[in-house]
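Chemist: Need a 3D model of the sequence below.
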Amino acid sequence: MKIKNLKTIVFFLFAFVIISLSIQVVMKINQKNQVSAILQIMPKFLFKTLENKDFSNDNLNKNLNTVFIYFNTECEYCKDEAKLLSNKKTSIKNIEFIFVSSEAIQSIKQFASFYNLDSSLSITFLQDSQDVFYEKFNASSIPYILIYNKKRELLKAHKGQLNFEYISNLIE
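Modeler: Model (predicted):
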């Protein structure tokens with residue numbers, strides 16, 4: 001009799017765990033789909049430039065495609081991305097690169113200067129001290145790259161490093 005009760009309890013506990021896990025998976029999928037739908041059109045944002053001035057969607061060049069790169073100055077992939085972009089910056093056409101980091105402005109400035117990206121008109125570095133980019137743009141990894149066309153429609157969301165040629169080909 002006790003073994004039968006124990007089996008019943010174990011069965012119901014197992015069923016409860018399976019149902020709970022299933023509900024969590026479904027909720028996570030729904031959340032991911034909602035965020036993906038939101039990203040289809042570039043969300044409104046407000047960050048700080050390295051001069052501590054406001055920078056929003058209104059400051060983007062309406063005649064250029066936009067590539068957001070969520071980065072960290074200590075990330076090796078981000079360093080590689082910056083180095084590759086630095087070598088190609090003279091050939092950048094119809095793309096505006098927006099580097100976003102939650103680090104201190106001074107760290108971002110040093111990174112931009114080290115890779116000689118701070119003097120390019122088509123590259124902007126922004127600070128997100130409130131982690132808004134992480135939440136609004138679903139940036140769950142570093143680097144995290146979002147590519148938008150001139151109409152501010154999402155072409156590609158990518159976790160990890162992308163090379164410049166891939167980005168150029170996608171936009172053309």
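
Chemist: Mark out where each domain of this protein begins and ends.
Modeler: 1-39, 46-171 (automatic domain parsing).

Chemist: Out of these, name the one with the poorest average pLDDT.
Modeler: Lowest mean pLDDT within the domains of the chain: domain 1-39, a mean of 73.

Chemist: re the thing from before, same list (the domains of the chain) but as TSV, adding mean neighbour count.
Modeler: To be clear about C-beta, it is placed using only N, CA and C from the backbone, and glycine gets the same treatment. Formatted as TSV, the domains of the chain follow (neighbours: other CB atoms under 10 Å):
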stretch	mean neighbour count
domain 1-39	10
domain 46-171	17
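
Chemist: Specify the local secondary structure of residue 125.
Modeler: Assigned by DSSP: H, G, I helix; E, B strand; the rest coil, the conformation of residue 125 is strand.

Chemist: Quick one: residues contacting the closest residue to residue 122 other than its chain neighbours.
Modeler: Of all residues beyond its chain neighbours, the one nearest residue 122 is residue 92 (4.9 Å), with distances taken as CB to CB, 6 or more residues apart in numbering. The contact partners of residue 92, taken as CB atoms under 8 Å, 6 or more residues apart in numbering, are 120, 122, 123.

Chemist: again, only using 10 Å
Modeler: Counting by CB atoms under 10 Å, 6 or more residues apart in numbering, residue 92 touches 64, 67, 85, 120, 121, 122, 123, 164, 167, 168.

Chemist: go on, residue 172?
Modeler: By CB under 10 Å, 6+ apart, the residues touching residue 172 are 65, 93, 94.

Chemist: Surely the last one is in contact with residue 167?
Modeler: No: if you go by CB atoms under 10 Å, residue 94 and residue 167 don't touch, sitting 11.1 Å apart.

Chemist: Could I get the contacting residues of the closest residue to residue 156 other than its chain neighbours?
Modeler: Nearest residue to residue 156, sequence neighbours excluded (CB to CB, 6+ apart): residue 147, at 4.4 Å. By CB under 10 Å, 6+ apart, the contact list for residue 147 reads 65-69, 95, 153-158, 162, 166-167, 170-171.
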